[in-house]
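Enquirer: prediction below, plus the sequence it came from.
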Amino acid sequence: MVAAWPADSTLPKSGRRLYHVRVHQPAPGAPPFDPHWLDHLVAGCRQLRGTHPRFEDLFLERRLEIAVAAGCEVASCCSEGAAARWRFPSRWAVHAAAGVSSDAVAALMSRYSDRLKVLPGPPPPPLDLGPPPGWSDWARDMVGRIADPGATIRFLVRTAVVIRRGGWRHAVSPALVRMETGSAGTALLAVWGHPRLGAWIGDLLTPPPSRPWNPEAGLRVPVVFTDGTSGPVLHELVGHLAEGDLVAEGRSPLTGLGGATLTEAALDLVDDPRRADLPGAFSCDDEGVAAEAVVVLEGGRLRSWLCDRDTAAAGVGLPGRGRRADWRSPPAPRLSNLIAGAGTVEPAVIESGLSRGLVVTRLSGATVDPVSSRTVLRVERGFELRNGRRRRALGPLELTGSVTEILAGIDTAIGNDPTPDWRLGWCVKNGLPLPTGSEAPTLLIRHLEVL
Amino acid sequence: MVRLEDFAQSREALNRAAVVCADHLARNRNGRWEVFAKSSLTRQVEVTGGRLRRTAEVAESGVGIRLFVDGRAGFAATSGLDGPALRFAAEAARSGASPGSDPMPPARLLGAGPVPPGPDLPPQGWAQHVAGELAVALGALSGGRLQLARAVVQEGCYAWLLTTGDGWSADHSRTVASMLVEVQVGERPGVWREWVHIADPAIFDIESVAGRIGNRAMLTRHRIVTDCGLHDLLLHPEVAAQLIAAISPLFLATTHDRDPLPRLLDRNGLLAAYALTVVDERAEAGSPVVSPCDGEGLPARRTLLLEEGAPRHRVASFADARRFDELPRGGAVRLSYRDRPATGLANLRVVTEDGLPAGELLASSDRSLYLLRPLAPVICDLASDRYSLVASGVWIERQRVLGWHPVVELRGGLGALLRRIDAVGTDSCWFETPRGFVGTPSLLIRRQPVVG
């Protein structure tokens, strides 16, 4: 289904075009449970009105993972479970259990009240989440091409329903494919069926340069992030640090900088779960808030935080980013798809303007140290840049800098080539992994230190 | 509160599920098969800023079925232990089966070893009590400069049952506890984060843990000092654990043509210095993952991986052992019903019998870099004998702290690094890494290139 472009209120005032593909919601599909039963559960939630503690929501999820590994049998895992949340005056309580039967749901919802009667519902329909026909054969073929004993390819899909007193919502996410190359230590995460998946797999399987070059440690150089690599950089430097829990607890270096200009580059940054071509897409978050784009940076100025209902209630921002790793985990503020608006400069022009520097074409990791607020960017592929031309291929290396200095050092020349990242979407926070996406144009950071 | 009486019921449910599965699989002529059913109860208590902020209780059960029929092998898992879920898993395993050899070990190899008794579950309110006491202990230790920002205590119990179509079965149950601690250091906005394995809640020493966390976190309050060149290194157990985890693929069976180990050995056949002995410990009390057998029913045992620097054995699942010409030594892991048994390390541990107290390690070097914590996963390119380690550390001269080096990188030859391990400490701790649990002490490494 193709939806409208974002409402004007969510668009940066600068009015530049943010997307290079149409914005569309994930196809809703049929809910994974009988709608009448879900209506009945909504009525059950209403019965709990006025109880103490206050009932918050019920989350039902079904997920399927199919893994094909080198030399192993195909493994499929179907998991379903439910979680109910209550709000005490000063704390949350979450109870979760495997299974989505009426008995299991009634037991969860009656945890703090015997006033609830859940009618037995029809058994959930057979899980209709399977991969397209021939997927396993395709995956076996790909594992053979990777030719590594540790290679694994996974098909991941989930569907969920969030039930509150006001109604229920079906949370839909796109099916994903994740490829791990084993000893090579590289991976790919993409929406299954993405038109560029074949090209990305080609990139993934391209061997590293045979005679790589490493710059001298301690060197401070301008670095051009191209081929979508600026997306993971912004994910770490802005996206995570704009998550409501870190901000509310004062653990983000961006705390207190709301409204401040972080970079002189007129950079627009939007977290948009409606981009169904990227892995972090959803139709509503795991607390039942409909998917909306959130403008994080507008013209380089910090505009909004990414919040779940809890941090939103604390006055940090608007809800809509309460995401769960699965039914076992409580929701927490998490990114979806971070999209940086395109500029007007040809990437080649950005590179040609530098007498000396580095070009990064693939990152293998990015972290921010919570103690020192310094970031470490792991470069997997790239080039030396001399007199505006790409020279020697880079070997793996690390770049570092402080978060605020790096943001302040983003050059005003922004590339006109928004490119999705396929390498680093599998985001782990507090040990809980979630698929996320990013798309960003070529960016130049004026100074980074080579470690 | 995680209730033991509920848990006893879930163990009965495991037995019932195994019987239902066995019936279904036997009636439908499913060849060779195994059923792994697991049930767990977990409670997570989060204390933020001194007050209880969130509790989460998760009850989970499920079953994984592996079978081999008509020359095809399949695996499927499903949550729940009711009849439809079990039939779904059995049918999915059969319908998804692909041509291959039988991945399951023969009945003659199966067996269960003795398991030391596990600790009891802590009483109700224990988690909150621990967080409160830890906050007081940290404050007292640091003169108020360290504040407990957040503590997340996880406690729970699990039981599993493994049964095969050959009539063999084993079961096991245990309690587990751990804690994630985040400490505010002075006025700095960031937090110091530490994961603590709690072997036995009944003898959990809060002051000792507070000392361990506080002493390290306080080192980051020193002025910033940077240096580079060849220096002695002292790796805190957390950094050492990441390094040992990064080289752990060397301890897994693999194909001869892709095996990087021969290229890493010196002319005496040593991978590391004499000080380093590494085992995969599967039956020792106090280890995070203890069970009577491995993930597919071979008796649990200690596997000597590296003895005084020399490679000895490698672990493999039964199928991988056959594939890579190794002896099956019980090297399969299966942490959840969702996972197919696969080659892996359960508790990778550096042996510390001949270790020195950390203070003596520190005193044995005039000037050294003490690496406090890793800032990114340690990268070891085993094929090209290179490593890269990015960490935060402090410079120490004659046992006096000179200053904090917030981000420092070490890079060089992996074999040379491992062969310059001069001594191991006695301060072994367990850490959770992407490659499983690793128990390591401090490591003293001589003359390594510090990049800056």
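Expert: Structure received.
Enquirer: what strand or helix carries residue A:42?
Expert: helix A:35-47 (DSSP states H and E).
Enquirer: what about residue A:229, neighbour count?
Expert: 29 (other CB atoms under 10 Å in any protein chain shown). Every residue, glycine included, has its C-beta placed from N, CA and C.
Enquirer: sorry, back to before: list the buried residues for the helix or strand just after the helix holding residue A:42?
Expert: Next along the chain after helix A:35-47, taking DSSP H and E as the criterion, comes strand A:54-69. Of all the residues in strand A:54-69, those buried under the rule 16 or more other CB atoms under 10 Å in any protein chain shown are A:55-69.
Enquirer: partner strands of strand A:54-69, parallel or antiparallel?
Expert: strand A:75-87 (antiparallel), strand A:152-164 (antiparallel) (DSSP bridges).
Enquirer: now the helix holding residue A:42: how far from the chain's centre is it?
Expert: How far helix A:35-47 lies from its chain's middle: 31 Å, per CA atoms, centre = their mean, to the nearest Å.
Enquirer: please apply the same query to stretch A:391-406.
Expert: 23 Å.
Enquirer: avg pLDDT for it?
Expert: The predicted model assigns stretch A:391-406 a mean pLDDT of 93.
Enquirer: cool, and stretch A:359-373?
Expert: pLDDT averaged over stretch A:359-373 gives 89.
Enquirer: likewise for stretch A:332-352?
Expert: 96.
Enquirer: one step back: for the helix holding residue A:42, name the packing helices and strands.
Expert: strand A:54-69, helix A:102-109, strand A:152-164, strand A:167-172 (3 or more CB pairs under 8 Å, 6 or more residues apart in numbering or on different chains; DSSP states H and E).
Enquirer: now render the strands paired with strand A:54-69 as TSV, adding mean neighbour count and mean pLDDT.
Expert: Listed next are the strands paired with strand A:54-69 as TSV, based on neighbours: other CB atoms under 10 Å in any protein chain shown; pLDDT from 0 to 100:
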stretch	mean neighbour count	mean pLDDT
strand A:75-87	24	93
strand A:152-164	22	94
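Enquirer: so which of these is nearest residue B:366?
Expert: strand A:152-164 (47.6 Å; CB to CB).
Enquirer: run the chain-centre distance for that closest one.
Expert: With CA atoms, centre = their mean as the basis, strand A:152-164 stands 14 Å off its chain's centre.
Enquirer: can you state the direction angle for it and helix A:102-109?
Expert: Angle, strand A:152-164 to helix A:102-109, by axes from the mean of the first three to the mean of the last three CA atoms, to 10 degrees: 70 degrees.
Enquirer: restrict the helix or strand of chain B with the lowest mean pLDDT to CA atoms and write it as CSV.
Expert: Counting by mean pLDDT, DSSP states H and E, chain B has its least confident helix or strand at helix B:4-27, which shows a mean of 80. This file holds the C-alpha atoms of helix B:4-27, laid out as CSV (Å, rounded to 0.1, in the frame of the first residue of the first chain):
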residue,chain,number,x,y,z
LEU,B,4,9.7,-22.7,42.7
GLU,B,5,6.3,-24.4,42.9
ASP,B,6,5.4,-23.1,39.5
PHE,B,7,8.7,-24.4,38.2
ALA,B,8,8.1,-27.9,39.6
GLN,B,9,4.9,-27.9,37.6
SER,B,10,6.7,-26.9,34.5
ARG,B,11,9.2,-29.8,34.9
GLU,B,12,6.2,-32.2,34.9
ALA,B,13,5.0,-30.5,31.8
LEU,B,14,8.4,-31.2,30.2
ASN,B,15,8.0,-34.9,30.9
ARG,B,16,4.5,-34.9,29.5
ALA,B,17,5.6,-33.1,26.4
ALA,B,18,8.5,-35.6,25.8
VAL,B,19,6.0,-38.5,26.0
VAL,B,20,3.6,-36.8,23.5
CYS,B,21,6.5,-36.1,21.1
ALA,B,22,7.9,-39.6,21.4
ASP,B,23,4.5,-41.1,20.7
HIS,B,24,3.9,-38.8,17.7
LEU,B,25,7.4,-39.4,16.2
ALA,B,26,7.3,-43.1,16.8
ARG,B,27,3.8,-43.5,15.3
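Enquirer: and for it, what's in contact with it?
Expert: The contact list for helix B:4-27 (CB atoms under 8 Å, 6 or more residues apart in numbering or on different chains) reads B:33, B:35, B:37-39, B:41, B:59, B:61, B:63, B:65, B:67, B:81, B:83, B:86-87, B:89-90, B:121, B:157, B:159-161, B:163, B:165, B:169, B:171, B:173.
Enquirer: now, of these, which are buried?
Expert: Neighbour-count burial (16+ other CB under 10 Å) applied to the contacts of helix B:4-27 gives B:33, B:35, B:37-39, B:41, B:59, B:61, B:63, B:65, B:67, B:81, B:86-87, B:89-90, B:121, B:157, B:159-161, B:163, B:165, B:169, B:171, B:173.
Enquirer: so which of the residues you listed are in strands?
Expert: B:33, B:35, B:37-39, B:41, B:59, B:61, B:63, B:65, B:67, B:157, B:159-161, B:163, B:169, B:171, B:173 (DSSP state E).
Enquirer: of those residues, list those near chain A.
Expert: Contacts with chain A within these, counted by CB under 8 Å from any CB of the partner chain: B:59, B:61.
Enquirer: now the closest residue to chain B within the stretch 151-300 of chain A, what's its secondary structure?
Expert: The nearest approach of the stretch 151-300 of chain A to chain B comes at residue A:217, 4.1 Å away (CB to the nearest CB). Of the three states, residue A:217 takes coil according to DSSP: H, G, I helix; E, B strand; the rest coil.
Enquirer: hang on, it packs against residue A:450?
Expert: Yes - in terms of CB atoms under 8 Å, residue A:217 counts as a neighbour of residue A:450; the distance is 5.8 Å.
Enquirer: of the two, which one has the most company?
Expert: Shown here are residue A:217 and residue A:450; by other CB under 10 Å, residue A:450 has more neighbours (21 against 17).
Enquirer: is the more buried one in a bridge, and if so with what?
Expert: residue A:399.
Enquirer: what residues does the stretch 101-250 of chain A have near chain B?
Expert: So the stretch 101-250 of chain A meets chain B at A:101, A:123, A:127, A:136, A:140, A:148-150, A:183, A:185, A:217-218, A:249-250 (CB under 8 Å from any CB).
Enquirer: do a quick rundown of the helices in the stretch 351-452 of chain B.
Expert: With DSSP state H, counting those that start in this stretch, the ranges of helices along the stretch 351-452 of chain B come out as B:358-363, B:414-419.
Enquirer: other SSEs contacting the first one?
Expert: Pointing back at helix B:358-363 there. strand B:229-235.
Enquirer: the strand it packs on pairs with which strands, parallel or anti?
Expert: Applying DSSP bridges to the sheet, strand B:229-235 is found paired with strand B:367-374 (parallel), strand B:443-450 (antiparallel).
Enquirer: grab the nearest non-local neighbour of the residue of the stretch 151-300 of chain A closest to chain B.
Expert: Distances taken as CB to CB, 6 or more residues apart in numbering or on different chains put residue B:451 closest to residue A:217, at 4.1 Å, once the chain neighbours are dropped.
Enquirer: that neighbour: what's it in contact with?
Expert: Neighbouring residues of residue B:451 by CB under 8 Å, 6+ apart: A:217, A:218, A:451, B:228, B:408, B:409, B:410, B:411.
Enquirer: count of neighbours near the residue nearest to residue B:437 when sequence neighbours are not counted?
Expert: Closest residue to residue B:437 apart from its sequence neighbours, by CB to CB, 6+ apart: residue B:288 at 4.3 Å. Look at residue B:288: counted by other CB under 10 Å, it has 19 neighbours.
Enquirer: mind pulling the model confidence for residue B:288?
Expert: pLDDT, residue B:288: 90.
Enquirer: wait, it sits on residue B:176?
Expert: Yes - Residue B:288 lies in contact with residue B:176 (CB under 8 Å); the separation is 7.4 Å.
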